[in-house]
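Engineer: Below is the structure, and that's it, no one-letter string:
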């Protein structure tokens, strides 16, 4: 794989997200919009993203770049992934 084709993963796994994290998500979404594939995974429904992203204008910009041209895969189950993986709450 050539250096220009390398991909990196970025995890935003704390809530609430910091302003820097939200701006980085916007930068990633803007940079990749209509140029290549990007995978976003969330334990929250898309309808709740605005609340989680904070500032409404930035949340709109992020969602506009992600949601409208996306495929959604919803995984339902009786157990949370934490329980399924044997991870204790609060760990």
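Structural biologist: Happy to help now that I have it. Keep in mind it's a predicted model, so treat the numbers as computed, not measured.
Engineer: what does stretch 55-62 contact?
Structural biologist: For stretch 55-62, contacts defined as CB atoms under 8 Å, 6 or more residues apart in numbering pick out 19, 22-23, 25-26, 29-30, 49-50, 53. Quick note: C-beta positions are derived from backbone N, CA and C, even for glycine.
Engineer: ok, residue 50 - contacts?
Structural biologist: Residues counted as contacts of residue 50 (CB under 8 Å, 6+ apart) are 56, 59-60, 63.
Engineer: Pull out the buried residues from those residues.
Structural biologist: Listed as buried from the contacts of residue 50 are 59, 63; burial here means 16 or more other CB atoms under 10 Å.
Engineer: quick one: which of the contacts of residue 50 sit in strands?
Structural biologist: The members of those all map outside strands under DSSP state E.
Engineer: Neighbours of residue 85, how many?
Structural biologist: 8 (other CB atoms under 10 Å).
Engineer: Tell me who's in contact with it.
Structural biologist: Contacts of residue 85 (CB under 8 Å, 6+ apart): none.
Engineer: So which residues of this structure form helices?
Structural biologist: Applying DSSP state H to the chain gives helices spanning 19-32, 49-53, 56-66, 81-84.
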